[in-house]
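A.B. asks: okay, here's the prediction I keep looking at, along with the sequence it came from:
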Number of protein chains: 2
Amino acid sequence: MAKEEGITVKKSENFSEWYTQVIQKAELADIRYNVKGFLVHKPWATKMIKLMNSIIEKELEERGHQPFFFPSVIPESFLKKEKEHAEFSAEVFWITEAGEEHKKLEEKLALRPTSETVIYSMFSLWIRSWRDLPMKTYQTCQVWRYESYTRPFIRGREFYWIEAHNAFATKEEAEKQVEEDMKITRKTLYEKFCIPFIFFKRPEHDKFKGAVNTFAADTIMPDGKVLQLPSTHFLGQNFSKAFDVKFVDKDKKEKYVWQTCYGPAAWRILAAVIAIHGDDKGLIIPPAIAPYQVVIVPIYYKKNEKEKVFKKAVELEKSLGVRSYADLREDYTPGWKFNYWELMGVPIRIEIGPKDLKKKQVVVVRRDEKKKEVVKEKDLKKKVEFLLKDIEDNLRKKADKFFSEYLSEAKNFEELRKILEEKGGLVKIEWCGNVECANEIKARTNGGTIRGTIFGKEEKAKGNCIFCGKKAKQVVYVAKQY
Amino acid sequence: MAKEEGITVKKSENFSEWYTQVIQKAELADIRYNVKGFLVHKPWATKMIKLMNSIIEKELEERGHQPFFFPSVIPESFLKKEKEHAEFSAEVFWITEAGEEHKKLEEKLALRPTSETVIYSMFSLWIRSWRDLPMKTYQTCQVWRYESYTRPFIRGREFYWIEAHNAFATKEEAEKQVEEDMKITRKTLYEKFCIPFIFFKRPEHDKFKGAVNTFAADTIMPDGKVLQLPSTHFLGQNFSKAFDVKFVDKDKKEKYVWQTCYGPAAWRILAAVIAIHGDDKGLIIPPAIAPYQVVIVPIYYKKNEKEKVFKKAVELEKSLGVRSYADLREDYTPGWKFNYWELMGVPIRIEIGPKDLKKKQVVVVRRDEKKKEVVKEKDLKKKVEFLLKDIEDNLRKKADKFFSEYLSEAKNFEELRKILEEKGGLVKIEWCGNVECANEIKARTNGGTIRGTIFGKEEKAKGNCIFCGKKAKQVVYVAKQY
């Protein structure tokens, strides 16, 4: 691989340019389609998104969520129904015409920016009795938002996610669902995709408009800014009252359901995976979502060796029991292939040459630490299995270390300002709880926002608000965000 | 299950009403969402569509197609570029505004009715040399068409499909791809989904506008009308010239690529599966796409028996190695469950009661023939495996028989008219090849269209055109269509 085909900047020196280059050079996406914010997803990213979705779907289904495909359009009148919670009305694309003559539609249709209004209008038809509850649904789909700032996998006018929407008979069950959503986030994002995060309860002024409470996982990107990952909303009875979702309970009384929704977006998780695990050579993909977990590169010097090493390479591809690919392309040298598959982030590379064949061994190289090892063929399958697990653990450990280095604490406003300016990350402060102070902090730190209190952790304020000096009510975390 | 919960009409007496009832009562879809032609897909249908797509995707990927996610919108100027082949311009939904203020977009965006223009505009950026060819892509997605007549899974304003788009260096390779597409159709539709069809080469006047030739699989529905299933288009160089998709060949000359596209729509295939396999009791789902392949119904009379049969039911659910579900609901009787799972079309039902427990046996009932069998527990796994295969074969055989009964031949126009009126199906005729005759045939048979010549079968015309009496040029098939 020629020099210019690899990444030409260091991730630590210019993260933004590094991110742009990885997306292009590791063939994840093409931004040249002629509509702003609409991304062409190439096979490598498409496969990662599909693997990610299937892992999350499995967790959802095991916990009783059922898959649906709901319509992608919303009549304008529906959106108006929940006007007071219309989070995305400023970001809606409107379908207004149809056909060659551009005939006006009777009613304008919004492309869904999210599906509360679609799904809850159906819930009102489906839910009659306590026997119909809980109703736990999800759909894997794309949504559209008219964003002004767009960046691949971080913010787009069209992006891919899963949205889960639920209805319960009681408040307690709905609250339990919020905890279950967090468990799913932990089991997938942290355990499989190796992305560390903190689950925050967002402050009042920053919650989803229709929600009683919003909870969201924040991770930290290599430039010190946080990226919001799956969020889960406790909706109370706000939507059930707007959409008339009622049921007759065991006590024969008619009641409004309690609701929650949860939105793990493969798109954003992929951004975090690229950014947090990658290095100066390119991607490093967690084994669970690597399109190929193992790539096999045959090496030969003479023509008569070729056939034998190719045969063995194909044999290994088929027998390892994991997603494997034998790279038999003849236009490229082994050295070029080594660099290429490092750029693409495949967890394990196996090299096999004529000498190895004779000795019934192969050379195994792990992507994360670039360690080489000679492994006997008979031990290879076990070794690969072990390494995939070990690479997963190692990526998680490295990411944890990186994450913890970006956690700090500020005793006064100047400290906060300085940390956010020089390093970023999440900064613990005490806060009076007033939105005016939050706004001032944001303005005077050039974008530092209050992410909220850590969910499930009792942290009592002891001193004064870092900004106004009045008695603090909450221990919260401040960060600049994507 | 109460009488009114099951299907209340006979399929043979009122197919249209039967189809509507099955879709509602077997919980496939809900048509009550407030936008015409936009369907809510419930879990049972969603799961079948996902299984179907994954089977087709596997066949595509094994033959070198790579998955993509392409943007869902097309700038108006792109559509105009291929104006002369703009098949769907009359059926496009237009996005014209965004945001709360309904701000006009700089350029109107079409929701994709199909993705030739999207994908080929990218091909023109990606393809440079013969080394980049063949380029074989696909995406699993939904498309939108402003149809006036809509029917669930048959014709919708939003529907689900896979579209494969390819570019080749030579005409021969492109032509071979058409054959490969047919192989995939056979391997999936016929072998797995048990749907018989004939692959026709459509007449000139009925091909996809941008295509040199259109080939399509037609199946026959229980009312004698044909339903078009996957079609594949040999595009020649029409689009590559419109979108400037060129490559430098081995001979250093710049050439336009040759293209094909293929569109297997899970939506329509599902319509055929519902209609062709179902019976008066409800759905019968081919094992390959059954969300549950086996359902286990525990039977008990006394409270102290319950625990034991439930335990065994769960044990079987986990140990059979196929998609199984133990129905442990206590609000319903075993009899109700038998009827329910027959309506839902699950291929195999296992009944287990206290006596069976003692004898280490179960009762096995197959959905297609409703035969009951007592099977020893130790033989059950093998039996289930055998039955799933046997049910698949049996459904295919029955469908073949049904299909062949709807094939006929007409020697003169009156015969044709009568067959189409009384029975329907595909009627073999000889035709002069003129579109005027085709139009007259359509008008005077109340909708009989010429489906084309059978692909890969030499059928030479020997007589005269069935309509005008001039010398016939082709042996073609006429049918009324959905």
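C.D. replies: Sure thing, it's come through. Numbering: from 1, shown residues only, chains lettered A, B, ... in the order given.

A.B. asks: need phi/psi at whatever residue of the stretch 201-350 of chain A ends up closest to chain B.
C.D. replies: Per C-beta to the nearest C-beta, A:Asp331 is where the stretch 201-350 of chain A lies closest to chain B, at 7.1 Å. To be clear about C-beta, it is placed using only N, CA and C from the backbone, and glycine gets the same treatment. With angles defined as degrees, to the nearest 10, A:Asp331 sits at phi -80, psi -10.

A.B. asks: what residue ranges in the stretch 1-150 of chain A score low on pLDDT?
C.D. replies: A:1-4, A:82-87 (pLDDT under 70).

A.B. asks: which strands or helices does the strand or helix carrying A:Ile74 pack on?
C.D. replies: According to DSSP states H and E, A:Ile74 maps onto strand A:73-75. Applying 3 or more C-beta pairs under 8 Å, 6 or more residues apart in numbering or on different chains; DSSP states H and E, one finds that strand A:73-75 makes contact with strand A:103-111.

A.B. asks: wait, is A:Asn53 part of a helix?
C.D. replies: Yes: under DSSP: H, G, I helix; E, B strand; the rest coil, A:Asn53 sits within a helix.

A.B. asks: how far away is the residue nearest the centre of chain A from B:Leu395?
C.D. replies: Note on chain A: the residue nearest the mean C-alpha position is A:Ile269, at 1.7 Å, using C-alpha atoms, centre = their mean. Distance, A:Ile269 to B:Leu395, using C-beta to C-beta, to the nearest Å: 41 Å.

A.B. asks: the closest residue to A:Trp44 other than its chain neighbours: what secondary structure?
C.D. replies: Nearest residue to A:Trp44, sequence neighbours excluded (C-beta to C-beta, 6 or more residues apart in numbering or on different chains): A:Glu27, at 5.1 Å. Secondary structure state of A:Glu27, per three-state DSSP, is coil.

A.B. asks: can I assume the residue nearest to the centre of chain A is in contact with A:Met52?
C.D. replies: Yes: in this structure, A:Ile269 is within contact of A:Met52 by C-beta atoms under 8 Å, at 6.1 Å.

A.B. asks: shared neighbours, the two?
C.D. replies: Residues touching both A:Ile269 and A:Met52 (C-beta atoms under 8 Å, 6 or more residues apart in numbering or on different chains) are A:Phe193.

A.B. asks: where does the stretch 201-350 of chain A have low pLDDT?
C.D. replies: For the stretch 201-350 of chain A, no range has pLDDT under 70.

A.B. asks: ok, back up a step: what is the burial count for the closest residue to the residue of the stretch 201-350 of chain A closest to chain B other than its chain neighbours?
C.D. replies: Excluding its sequence neighbours, the residue lying closest to A:Asp331 (C-beta to C-beta, 6+ apart) is B:Arg131, at 7.1 Å. Using other C-beta atoms under 10 Å in any protein chain shown, B:Arg131 is surrounded by 11 other residues.

A.B. asks: and B:Arg131, that's in a strand?
C.D. replies: No: counting by three-state DSSP, B:Arg131 is not part of a strand but helix.

A.B. asks: isn't it up against A:Arg329?
C.D. replies: No: here B:Arg131 does not reach A:Arg329: they are 10.0 Å apart, not a contact under C-beta under 8 Å.

A.B. asks: picking up where we left off before, partners of the strand holding A:Ile74 in the sheet?
C.D. replies: Using DSSP bridges, the strands paired with strand A:73-75 in its sheet are strand A:103-111 (antiparallel).

A.B. asks: can you name the element that comes right after the one helix or strand A:Ile119 maps to?
C.D. replies: Taking DSSP H and E as the criterion, A:Ile119 maps to helix A:116-126. Counting by DSSP H and E, the element after helix A:116-126 in chain order, helix or strand, is strand A:135-144.

A.B. asks: tell me the mean pLDDT for the helix or strand following that following strand?
C.D. replies: Proceeding C-terminally, strand A:135-144 gives way to strand A:158-168 as the next helix or strand, assigned by DSSP H and E. When pLDDT is averaged over strand A:158-168, the result is 98.

A.B. asks: so which residues on the stretch 51-200 of chain A come close to chain B?
C.D. replies: Residues of the stretch 51-200 of chain A found near chain B (C-beta under 8 Å from any C-beta of the partner chain) are A:66-73, A:75, A:78, A:89-100, A:102, A:108-109, A:111, A:118, A:121-122, A:125-126, A:131, A:139, A:142, A:144, A:146, A:158, A:160.

A.B. asks: buried only: go through these for me.
C.D. replies: Among these, those classed as buried by 16 or more other C-beta atoms under 10 Å in any protein chain shown are A:66-73, A:75, A:78, A:89, A:91-99, A:108-109, A:111, A:118, A:121-122, A:126, A:139, A:142, A:144, A:146, A:158, A:160.
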